[in-house]
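> Next come a sequence and a model predicted from it.
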Amino acid sequence: MPDVYIRCPSCGAELDYQQGRDSFYCRHCGTKIILKDAVGENVVREMDEAGLREREERKKAKEQRKKKWKKFSLVFLLVTVIVLTAGAVLLVLSDSFGDAGIAMAVIGSLLIVTGAFSLFALAFCFLGWIREMITGQDS
């Protein structure tokens, strides 16, 4: 049973401390807390190197995912616009080609539907990215 509650000087989380210990780690952020003299006084903090390294690696991986996402989303959006444009052009031109125009209209309609689904998928990806930016949580 913990004797005293103190706050982590790094993240502010409430920690349970059992008297008689000289140091312990915050289970939330990995900060090593060394106590001198009395509990809660003269608190010196040292970052847990393993925890710090892990946070840096997660941050670097997150930045790499963001860069990949930006490239992917731009290419995906460009391809979607091309598909939608091709579909619209085929629909417009289908009137000029008689019986062959029916096939062009069908293909144009399919391209437009495909482009619309692609835009829908891209919108859901953007929503996930926005949620991650707001909450700070990975999807």
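Nice, thanks for sending it over. Quick caveat: nothing in here was measured; it's all calculated off a predicted structure.

> ok now the helix or strand where Leu127 lies, how far from the chain's centre?
Leu127 belongs to helix 98-135 when elements are defined using DSSP states H and E. In terms of Cα atoms, centre = their mean, to the nearest Å, the centre of helix 98-135 is found 23 Å from the chain centre.

> Check which residues of it are buried.
For helix 98-135, the neighbour count (16 or more other Cβ atoms under 10 Å) marks Gly101, Met104, Ala105, Gly108, Leu111, Ile112, Gly115, Ser118, Leu119, Trp129, Glu132 as buried. The way it works is simple: take the backbone N, C-alpha and C, and place the C-beta from them, glycine included.

> Return the member of these nearest to Trp69.
The closest of the buried residues of helix 98-135 to Trp69 turns out to be Trp129 (Cβ to Cβ; 6.4 Å).

> from memory the closest one sits against Trp69, does it?
Yes: with contact defined as Cβ atoms under 8 Å, Trp129 counts as touching Trp69 (6.4 Å).

> for Thr114, what are its contacts?
For Thr114, the contact set (Cβ atoms under 8 Å, 6 or more residues apart in numbering) comprises Val83, Gly87.
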